[in-house]
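Colleague: Here is a sequence together with a model predicted from it:
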Amino acid sequence: MSKTVNNPDIPAKNFKIVVAYDGTGFFGWQRQADKPTIQGELERILSIILNQDIKIHGSGRTDAGVHARAQVAHFHAQTRLAPDTIQKGVNSLMSAPIVIHDCRLADPDFHAQYRVISKEYRYYILNREIPAAMGRDYLWHVKPTLDIDTMNHCCEYLVGEHDFKAFENTGSPRSSTVRTVYSAQWTKMPDDKLEFCICASGFLKNMVRNIVGTLKDAGTGRISPEMFKKILYSCERPLAGATAPAQGLFLHHVNY
């Protein structure tokens with residue numbers, strides 16, 4: 001049974017939350033009637049704590065298996081509970097790998113999606129012959145040695161305003177496939193790991209994973225930087241590489 005609050009003595013407030021989650025085992029961020037999702041679990045727990053139907057709005061969707069270190073969302077509620085009380089309540093009742101790192105009051109007109117200036121994603125590759133025994137849900141195991149200099153050469157073509165249709169999978173509504181990439185770079189990490197960091201005004205469906213899959217082809221010598229550039233400008237998805245696995249991708253930060 002749905003629960004609503006209509007007491008004029010209880011003020012309606014807008015809450016902003018920052019959420020981290022392990023996307024393994026979830027069918028993405030967006031609520032689905034018959035499948036476990038991040039949004040669905042948060043709404044369920046918040047509705048229990050606040051004793052009313054809560055609908056949250058995220059900064060954007062993450063796909064099945066994708067993780068987040070700092071997803072941002074907001075929700076409205078009529079309550080006298082303090083933000084830190086709500087935060088502690090959710091983290092206490094939540095059995096899923098979802099944690100609210102921050103909960104605070106926001107301006108009444110704050111919207112987690114429409115106020116976004118840019119987002120930063122990070123992708124992780126384990127680049128060696130031997131796979132990982134632990135942590136394999138958080139990276140992509142690639143056996144052939146990758147040429148990081150070539151991959152970073154390709155990244156130079158990503159920076160700026162471009163039509164990224166060549167790196168978009170179908171299935172998500174959008175008014176335009178043009179986005180602005182502010183930075184994109186690979187970095188070598190300890191223990192044979194590579195980190196890809198990309199910051200942009202927004203992202204198309206599977207855009208980061210498709211870019212990573214195509215950069216991997218450049219790193220193995222399958223395509224050259226010049227071919228990568230042509231793929232970008234072609235706006236033809238079939239020319240780009242395969243979609244990289246979801247488990248290596250993290251929503252790292254959202255800028256407002």
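Modeller: Everything's here; your move.

Colleague: Alpha carbons of the host helix or strand of residue 43, as PDB, please.
Modeller: If you go by DSSP states H and E, residue 43 is part of helix 38-50. C-alpha atoms of helix 38-50 as PDB (Å, rounded to 0.1, in the frame of the first residue of the first chain):
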ATOM      1  CA  ILE A  38      20.300   0.500  -7.200                       C
ATOM      2  CA  GLN A  39      17.500   3.000  -7.500                       C
ATOM      3  CA  GLY A  40      14.900   0.400  -6.500                       C
ATOM      4  CA  GLU A  41      16.800  -0.600  -3.300                       C
ATOM      5  CA  LEU A  42      17.400   3.000  -2.200                       C
ATOM      6  CA  GLU A  43      13.800   3.900  -2.700                       C
ATOM      7  CA  ARG A  44      12.600   0.800  -0.800                       C
ATOM      8  CA  ILE A  45      14.800   1.600   2.200                       C
ATOM      9  CA  LEU A  46      14.100   5.300   2.200                       C
ATOM     10  CA  SER A  47      10.400   4.700   2.000                       C
ATOM     11  CA  ILE A  48      10.600   2.500   5.100                       C
ATOM     12  CA  ILE A  49      12.700   5.100   7.100                       C
ATOM     13  CA  LEU A  50      10.500   8.100   6.100                       C
END
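
Colleague: tell me which residues in it are buried?
Modeller: Going by neighbour count (16 or more other C-beta atoms under 10 Å), the buried part of helix 38-50 is 38, 39, 40, 41, 42, 43, 45, 46, 47, 49, 50. (C-beta placed from N, C-alpha, C; glycine too.)

Colleague: Likewise for stretch 159-172?
Modeller: 159, 162, 163, 164, 165, 166, 167, 168.

Colleague: what's around residue 130, how many residues?
Modeller: 9 (other C-beta atoms under 10 Å).

Colleague: For residue 86, what are phi and psi?
Modeller: phi -60, psi -40 (degrees, to the nearest 10).

Colleague: Please name the nearest non-neighbouring residue to it.
Modeller: Spatial nearest neighbour of residue 86, excluding adjacent residues (C-beta to C-beta, 6 or more residues apart in numbering): residue 103 at 5.4 Å.

Colleague: will you turn the buried residues of stretch 159-172 into JSON lines that also has distance to residue 108 and secondary structure?
Modeller: Below are the buried residues of stretch 159-172 laid out as JSON lines (distance: C-beta to C-beta, whole Å; DSSP: H, G, I helix; E, B strand; the rest coil):
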{"residue": "159", "distance to residue 108": "36", "secondary structure": "coil"}
{"residue": "162", "distance to residue 108": "36", "secondary structure": "strand"}
{"residue": "163", "distance to residue 108": "36", "secondary structure": "strand"}
{"residue": "164", "distance to residue 108": "34", "secondary structure": "coil"}
{"residue": "165", "distance to residue 108": "37", "secondary structure": "helix"}
{"residue": "166", "distance to residue 108": "40", "secondary structure": "helix"}
{"residue": "167", "distance to residue 108": "37", "secondary structure": "helix"}
{"residue": "168", "distance to residue 108": "34", "secondary structure": "coil"}
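
Colleague: so can I have TSV of these showing distance to residue 150 and pLDDT?
Modeller: Converted to TSV, the buried residues of stretch 159-172 look like this (distance: C-beta to C-beta, whole Å; pLDDT from 0 to 100):
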residue	distance to residue 150	pLDDT
159	16	98
162	20	97
163	24	97
164	20	97
165	24	96
166	19	97
167	18	97
168	24	95
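
Colleague: Residue ranges in the stretch 101-250 of the chain under the pLDDT threshold?
Modeller: By pLDDT under 70, the low-scoring segments of the stretch 101-250 of the chain are 172-173.
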